[in-house]
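**Q** One predicted model, sequence on top.
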Amino acid sequence: MLEIRALETGYGKKQVLFGVSLGVQKGEIVALIGPNGAGKSTVLKAVCGLIQPWTGDIRYEGKALDGSTPAQNVAQGITFAPQGNRVFDELTVVENLEIGGFRLAKQELKIRIEEMLQLFPVLRQRLRKEAGNLSGGEKQMLALARALVPKPKLLLLDEPSLGLSPGLVKDALEKIVQINQETGVSILIVEQKVREVLPFCHRVYGLKLGKVAFSGMPLMDDKARLRGLFL
């Protein structure tokens with residue numbers, strides 16, 4: 001579904017990624033792990049169109065994404081939930097969900113919002129509440145629901161556990177697995193909570209200093225490789 005080959009990019013003159021290659025198959029949950037500054041979030045931003053590749057190739061369902069805008073990528077089935085429980089604080093919960101489905105017809109949008117409220121029941125009780133007044137866990141649910149409204153084929157998640165208590169981290173990751181299993185959406189997830197996320201993943205890529213340090217199956221038992229990645 002997603003293939004990245006020899007990707008190099010960055011911000012301004014600062015290069016962040018150096019020849020990164022990775023892939024996500026249909027229906028997979030793939031984790032990107034590594035220390036702060038390794039380039040994990042930059043990979044997601046390049047895929048969703050927030051930054052453009054300098055060199056290399058990003059292909060989605062066999063088609064090159066080079067030059068595609070975020071809106072164009074949403075139309076193709078790629079959505080992005082950025083880190084930090086990013087919601088529109090001054091808008092209500094329902095208005096946030098409507099923004100997620102800005103490309104949908106009115107009736108389809110209504111159906112998709114109702115499906116999200118069934119998936120995240122607590123949001124139904126907060127529909128007319130300003131998003132800025134939600135708890136951290138509720139904001140994370142809203143950010144995830146908003147990204148799911150367009151019914152994506154590929155969901156990009158940037159540290160969904162950020163700012164959540166240990167109990168809520170487990171709940172959030174279990175909800176992500178549920179979404180994957182029930183909808184078949186492929187997921188590329190950046191996560192710092194390595195011990196929590198690896199058991200849920202089909203495959204993992206470890207990034208260090210903008211390069212892929214290893215790839216393969218989840219490696220919770222390979223403590224030496226994990227330690228080497230983060231040191």
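**A** Arrived safely, thanks for sending. The shown structure was predicted, so the numbers you read here are calculated from the model rather than taken from an experiment. Numbering: from 1, shown residues only.

**Q** Please count neighbours and contacts with C-alpha atoms only from this point.
**A** Noted.

**Q** what bits of this structure have low per-residue confidence?
**A** Filtered on pLDDT under 70, the chain yields the residue ranges 84-85, 218-231.

**Q** can you give me the helices for it?
**A** 40-48, 70-76, 93-100, 106-119, 121-124, 136-148, 166-183, 194-197, 223-230 (DSSP state H).

**Q** CA atoms only: put the fourth one into PDB for me.
**A** Only the C-alpha atoms of helix 106-119 are listed here, as PDB (Å, rounded to 0.1, in the frame of the first residue of the first chain):
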ATOM      1  CA  LYS A 106     -23.700  16.100   3.600                       C
ATOM      2  CA  GLN A 107     -25.600  12.800   4.000                       C
ATOM      3  CA  GLU A 108     -22.400  10.700   3.900                       C
ATOM      4  CA  LEU A 109     -20.700  13.000   6.500                       C
ATOM      5  CA  LYS A 110     -23.700  12.500   8.800                       C
ATOM      6  CA  ILE A 111     -23.400   8.800   8.500                       C
ATOM      7  CA  ARG A 112     -19.600   8.800   9.100                       C
ATOM      8  CA  ILE A 113     -20.000  11.100  12.200                       C
ATOM      9  CA  GLU A 114     -22.600   8.700  13.600                       C
ATOM     10  CA  GLU A 115     -20.200   5.800  13.100                       C
ATOM     11  CA  MET A 116     -17.400   7.700  14.900                       C
ATOM     12  CA  LEU A 117     -19.800   8.400  17.800                       C
ATOM     13  CA  GLN A 118     -20.500   4.700  18.100                       C
ATOM     14  CA  LEU A 119     -16.700   4.000  18.000                       C
END
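
**Q** roughly how far is it from the heart of the chain?
**A** 21 Å (Cα atoms, centre = their mean, to the nearest Å).

**Q** Repeat that for the third one.
**A** Helix 93-100 sits 18 Å away from the centroid of its parent chain (Cα atoms, centre = their mean).

**Q** now do stretch 184-199
**A** 9 Å.
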